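Trainee: Generate a structure from the sequence data that follows.
(one chain, ligands or ions: 1)
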Amino acid sequence: MHTHDTTAFRTPRRRALLRLALGAGAWPALAHASGTVVRPLAEAVPGGVARIDLGPAPERPRASTDDIPLLVVGDPIQWTALVGIALATRPGTRQIRVDGPDGRTRQLAYTVHDKHYAEQHLKVAPRTVDLAPADLARHERERAHQQQVIATFSAVPAGELAMRAPCPGRRSDSFGKRRFFNGQPRNPHSGMDIAAATGTPVAAPLAATVLDTGDYFFNGNTVWLDHGGGLLSMLCHLSRIDVAPGQRLPAGARVGAVGATGRVTGPHLHWTVVLNRASVNPALFLPD
Ligand code: ZN
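Mentor: Next comes the predicted model:
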């Protein structure tokens with residue numbers, strides 16, 4: 001299901017990581033020392049996640065890309081920076097900045113490889129494509145609000161990052177699809193759709209604090225969850241919301257129910273995962 005382009009890790013520095021990436025891809029059940037499956041899987045492509053080896057350090061190093069803080073996981077023996085790669089990123093070499101506890105700054109390079117995402121052509125009501133001025137104004141306000149939500153960076157999560165699907169149902173593989181509404185190009189699909197009937201319970205995929213709730217023009221009833229360290233989940237089109245901002249939730253806690261609110265053709269759950277402000281493929285966080 002996942003394509004792991006191992007040419008991302010050619011340099012000697014990356015050999016250990018190559019083994020890790022191959023292990024995770026070829027034997028999904030393979031466990032690391034703590035006995036749990038390593039997630040997210042490494043896939044250094046637009047919409048994927050790069051895992052960058054930072055080596056040992058007595059304290060958690062701070063890492064960033066374009067001044068956006070990165071999620072650094074691990075322990076004093078081995079720290080790893082997780083880099084969410086935005087769908088709009090062009091293939092090529094990128095760098096992260098690492099500030100060690102000793103005040104030393106390093107630049108580490110990684111390679112973003114090309115990935116072809118299919119096109120999806122949708123016929124929808126014309127008013128959904130050519131928004132009325134009032135709807136457009138509303139959407140612009142909501143987009144500005146969403147940019148603030150996405151910039152959240154709170155304390156790094158203590159546990160593993162392996163997630164559970166927020167609801168049962170068939171999962172689409174439509175993440176990253178380039179969409180055309182009535183022939184007009186739109187942003188690519190930035191999440192996973194799960195087919196489920198209205199009323200199906202929706203649960204937190206990982207322990208979280210409720211960051212934001214609201215009824216938005218495109219996304220309908222929406223819950224934003226903060227998993228910590230710039231890792232967020234957005235759950236959309238809900239028929240009901242059962243949580244409030246600030247609430248602390250364990251993994252699996254109910255947040256609401258599947259619905260068809262917002263601009264959708266039928267009931268389903270749309271789930272976006274954000275890492276360092278980039279929407280990345282939720283499948284990289286799920287068991288196979
Ligand atoms: Zn969707």
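Trainee: Arg263 reaches Cys236, doesn't it?
Mentor: No - contact between Arg263 and Cys236 fails when scored by Cβ atoms under 8 Å: they sit 10.2 Å apart. Backbone N, C-alpha and C define where each C-beta goes, glycine included.
Trainee: Of these two, which one has the most company?
Mentor: In this view Arg263 and Cys236 are compared by other Cβ atoms under 10 Å, and Cys236 has more residues nearby, 24 against 19.
Trainee: what's the helix or strand that contains that one packed up against?
Mentor: Cys236 belongs to strand 231-238 when assigned by DSSP states H and E. With contacts taken as 3 or more Cβ pairs under 8 Å, 6 or more residues apart in numbering; DSSP states H and E, strand 231-238 sits against strand 208-216, strand 220-228, strand 254-257, strand 269-275.
Trainee: Please tabulate those in TSV, including the columns distance to Gly199.
Mentor: Shown next, in TSV, are the helices and strands packed on strand 231-238 (distance: least, Cβ to Cβ, whole Å):
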stretch	distance to Gly199
strand 208-216	18
strand 220-228	13
strand 254-257	5
strand 269-275	12
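Trainee: how about the strand holding Cys236 against the ion, any contact?
Mentor: No - applying Cβ under 5 Å from the ion, one finds strand 231-238 out of contact with the ion, separated by at least 7.1 Å.
Trainee: Just give me how far that strand sits from the chain centre.
Mentor: With Cα atoms, centre = their mean, to the nearest Å as the basis, strand 231-238 stands 10 Å off its chain's centre.
Trainee: Paired strands for it, with orientation please.
Mentor: strand 220-228 (antiparallel), strand 269-275 (antiparallel) (DSSP bridges).
Trainee: and of these, who's closest to Gly256?
Mentor: Nearest of those to Gly256, taken as Cβ to Cβ: strand 220-228 at 6.0 Å.
Trainee: The closest one to strand 208-216, inter-axis angle?
Mentor: Using axes from the mean of the first three to the mean of the last three Cα atoms, to 10 degrees, the inter-axis angle of strand 220-228 relative to strand 208-216 is 160 degrees.
Trainee: Using CSV, list the CA coordinates for strand 220-228.
Mentor: Provided in CSV are the C-alpha atoms of strand 220-228 (Å, rounded to 0.1, in the frame of the first residue of the first chain):
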residue,chain,number,x,y,z
GLY,A,220,-19.3,21.2,8.3
ASN,A,221,-19.2,20.3,12.0
THR,A,222,-15.5,20.0,12.7
VAL,A,223,-13.3,19.0,15.7
TRP,A,224,-9.6,19.8,15.8
LEU,A,225,-7.5,17.7,18.1
ASP,A,226,-4.1,18.6,19.3
HIS,A,227,-1.9,15.5,19.9
GLY,A,228,1.1,17.7,20.8
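Trainee: Give the rounded mean pLDDT of it.
Mentor: In this model, strand 220-228 has a mean pLDDT of 98.
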